[in-house]
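# Requesting a structural model of the entry that follows:
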Amino acid sequence: MTLPMPGHEDPREHTRRIKGMLREAMDLVRQDVPKVSDPKAQALFETSAEVLGGLITAYEHFEQRSEDAWR
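Numbering: from 1, shown residues only. This next block holds a predicted model:
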């Protein structure tokens, strides 16, 4: 039987780090929306921000052990 490595028992420390990265990416794409004049690029950036926001929510639900994370 393999024992878990110290510091790796709780995946929530990893989810918090990943959420930070996702938030940073979401903020960056939102900041770029007004910097481009192409409506398709603006829509792509907004859609990307929404998808990243959804992932952040899923990670939060996981951290809370919520069943909503898997629906």
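# Now do the SS call for residue 65.
coil (DSSP: H, G, I helix; E, B strand; the rest coil).
# Okay, it and residue 53: tell me how far apart.
From residue 65 across to residue 53, the span is 21 Å (CB to CB, to the nearest Å). Backbone N, C-alpha and C define where each C-beta goes, glycine included.
# With neighbour numbers in mind, choose between the two.
residue 53 (14 against 8; other CB atoms under 10 Å).
# my read: that one touches residue 27, true?
No. Look at residue 53 against residue 27 with CB atoms under 8 Å: they stay out of range, at 10.5 Å.
# which residues sit against the helix or strand hosting residue 20?
Per DSSP states H and E, residue 20 falls inside helix 12-32. Here helix 12-32 makes contact (CB atoms under 8 Å, 6 or more residues apart in numbering) with 7, 45-46, 48-49, 52-53, 55-56, 59-60, 62-63.
# what does stretch 44-54 give?
The contact list for stretch 44-54, computed with CB under 8 Å, 6+ apart, reads 22-23, 25-26, 29-30, 32-33, 36.
# mind checking how far that stretch is from the chain centre?
Centroid displacement of stretch 44-54 relative to its chain, using CA atoms, centre = their mean, to the nearest Å, is 10 Å.
# Please save the CA atoms from that stretch in PDB.
Taking Å, rounded to 0.1, in the frame of the first residue of the first chain, the C-alpha atoms of stretch 44-54 are listed here in PDB:
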ATOM      1  CA  LEU A  44     -14.100  35.400 -27.900                       C
ATOM      2  CA  PHE A  45     -12.500  37.200 -24.900                       C
ATOM      3  CA  GLU A  46     -15.800  37.600 -23.100                       C
ATOM      4  CA  THR A  47     -16.700  34.000 -23.700                       C
ATOM      5  CA  SER A  48     -13.300  32.900 -22.500                       C
ATOM      6  CA  ALA A  49     -13.800  35.000 -19.300                       C
ATOM      7  CA  GLU A  50     -17.200  33.400 -18.700                       C
ATOM      8  CA  VAL A  51     -15.800  29.900 -19.200                       C
ATOM      9  CA  LEU A  52     -13.000  30.600 -16.800                       C
ATOM     10  CA  GLY A  53     -15.500  32.000 -14.300                       C
ATOM     11  CA  GLY A  54     -17.500  28.700 -14.600                       C
END
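# All set, thanks.
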